[in-house]
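1. sequence? don't have it. structure:
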């Protein structure tokens, strides 16, 4: 039987964003979902442990991975390695919140994200809270409508925050307008 | 007499269908709203024309050709994506929305007002005021409130 490549520890050459193995050691790792699944066969129920792990550096790079094994620890390790392979960079306004409100639907899970001012905190579903601390989002408000299935909430959050954000620069380029930062240069935010 | 939500539907559907240009009924209100969209950079141009194509040279509107008169809006795309994703009516015949200056300032700041959600980054609102059909921030510069016709993002 061929050894599954995803089960090995991460190869440094395959890491994105110029990361090294030392950087990965400092990553936040959160095993958010650990479940006992069973595969029904002619021989009976074969149990297996499933883990969904979210990793992130708290500075805008995060990813999630799923793993299954007979033992919990090995499943979590598989999931962590897969998460390290699937890292994406997330855009944050002011390095603390999202650029604008986002509505996203993933399977039966609807999530509404709202951008919030500094000092607000992450007031959201506990899975979204963990993901935000891994990404480095400090102020956000979110509401999950419909299904609150943990695996789907996590996948919906990753999809929404990576796909659905539109940067002001891109909007301005499409419209042929100039973007002027008023929040910092005129109103003096963060000073 | 087509209402402003007719234009919203045509523009939104035209962008979704990736059309190059669309023809809308030639009315003063449609022209005024199209001008605001043009100034904000959502569309590349506004011109008068036939029901077949825009005019190459000036054709006066007469009772003979009025039935075929259309406004042609040139649509814009950037990075394989439409520049205008959504254009929706706010004030409807079933519920008219008229706002004062304080309420418009709330909207411009991104806060809810009169059950209307605040403007997101890159979103505009078009309203009709005593100074004519203006974008929300232009209306605030003039200190004018009015009926909130539609919003576009």
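-> That came through, no problem. Because the structure is predicted, anything quoted here is derived from the model rather than measured.
2. all contacts plus neighbour counts: C-alpha atoms, from now on.
-> Noted.
3. any idea how chain B splits into domains?
-> B:4-82, B:90-152 (the TED database).
4. Turn these into JSON lines, including mean pLDDT and mean neighbour count.
-> Formatted as JSON lines, these follow (pLDDT from 0 to 100; neighbours: other CA atoms under 10 Å in any protein chain shown):
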{"stretch": "domain B:4-82", "mean pLDDT": "97", "mean neighbour count": "17"}
{"stretch": "domain B:90-152", "mean pLDDT": "97", "mean neighbour count": "17"}
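5. residues in chain A within reach of chain B, list them.
-> Proximity of chain A to chain B is confined to A:99-101, A:168, A:171-172, A:174-177 under the rule CA under 8 Å from any CA of the partner chain.
6. how about a cut-off of 7 Å?
-> A:100, A:168, A:171, A:174-176 (CA under 7 Å from any CA of the partner chain).
7. Let's see the ChimeraX selection covering just the buried ones among these.
-> In ChimeraX, this line selects whichever of the residues of chain A next to chain B come out buried by 16 or more other CA atoms under 10 Å in any protein chain shown:
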select /A:100,168,171,174,175
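8. Reformat the residues of chain A next to chain B as a markdown table; add pLDDT.
-> What follows is these, written out as a markdown table (pLDDT from 0 to 100):
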| residue | pLDDT |
| --- | --- |
| A:100 | 96 |
| A:168 | 94 |
| A:171 | 96 |
| A:174 | 95 |
| A:175 | 96 |
| A:176 | 96 |
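9. Out of the residues of chain A next to chain B, which is nearest to residue A:125?
-> residue A:100 (18.5 Å; CA to CA).
10. quick one: contacts for residue 97?
-> Using chain A here. By CA atoms under 7 Å, 6 or more residues apart in numbering or on different chains, the residues touching residue A:97 are A:115-116, A:137-140.
11. try again with chain B
-> Residue B:97 makes contact with B:91, B:147-148 under the criterion CA under 7 Å, 6+ apart.
12. cutoff 8 Å now
-> B:90-91, B:147-149 (CA atoms under 8 Å, 6 or more residues apart in numbering or on different chains).
13. ok, which pair from those is furthest apart?
-> B:90 and B:147 (9.0 Å).
14. Check the contacts of residue B:97 against chain A and report the nearest one.
-> residue B:90 (18.7 Å; CA to the nearest CA).
15. For whatever residue of chain B ends up closest to chain A, list the residues it contacts.
-> Nearest residue of chain B to chain A: residue B:41, at 4.4 Å (CA to the nearest CA). Under the criterion of CA under 8 Å, 6+ apart, the neighbours of residue B:41 are A:174-177.
16. which stretches of chain A form helices?
-> A:21-25, A:72-85, A:126-135, A:150-163, A:168-175, A:182-185 (DSSP state H).
17. so which of those comes closest to residue B:36?
-> Here helix A:168-175 is closest among the helices of chain A (CA to CA), at 12.7 Å.
18. before we move on, back to that, can you add distance to residue A:106 and give the domains of chain B back as JSON lines?
-> JSON lines is the format used below for those (distance: least, CA to CA, whole Å):
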{"stretch": "domain B:4-82", "distance to residue A:106": "21"}
{"stretch": "domain B:90-152", "distance to residue A:106": "22"}
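19. closest to residue A:189 out of those domains?
-> With CA to CA, the closest approach to residue A:189 among the domains of chain B belongs to domain B:90-152: 15.6 Å.
20. Need the distance between the two termini of the closest one.
-> With CA to CA, to the nearest Å as the measure, domain B:90-152 spans 10 Å from end to end.
21. How about stretch B:113-127?
-> End-to-end for stretch B:113-127, by CA to CA: 15 Å.
22. and stretch A:11-18, what's its mean pLDDT?
-> For stretch A:11-18, the mean per-residue pLDDT is 76.
23. tell me which residues in it are buried?
-> In stretch A:11-18, counting by 16+ other CA under 10 Å, buried: residue A:15.
24. thinking again about what came up before, when you check chain A, which of the contacts of residue B:97 turn up near it?
-> Answer for the contacts of residue B:97 near chain A: none qualify (CA under 8 Å from any CA).
25. Strands - which of these land there?
-> Under the assignment DSSP state E, the contacts of residue B:97 contribute B:147-149 to strands.
26. JSON lines for those, including distance to residue B:19?
-> Converted to JSON lines, the ones in strands among the contacts of residue B:97 look like this (distance: CA to CA, whole Å):
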{"residue": "B:147", "distance to residue B:19": "30"}
{"residue": "B:148", "distance to residue B:19": "27"}
{"residue": "B:149", "distance to residue B:19": "24"}
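27. how many neighbours does residue A:180 have?
-> 11 (other CA atoms under 10 Å in any protein chain shown).
28. Tell me the spacing between it and residue A:133.
-> 29 Å.
29. Kindly report the same for residue A:120.
-> From residue A:120 across to residue A:133, the span is 14 Å (CA to CA).
30. Tell me which of these two has more neighbours.
-> residue A:133 (20 against 13).
31. who's in contact with residue A:98?
-> Contacts of residue A:98 (CA under 8 Å, 6+ apart): A:91-92, A:114-115, A:137, A:140, A:161, A:165.
32. With residue A:182 instead?
-> Counted by CA under 8 Å, 6+ apart, residue A:182 has zero contacts.
33. Equivalent analysis for residue B:85, please.
-> Taking CA under 8 Å, 6+ apart as the test, what residue B:85 contacts is B:12, B:15-16, B:152-153.
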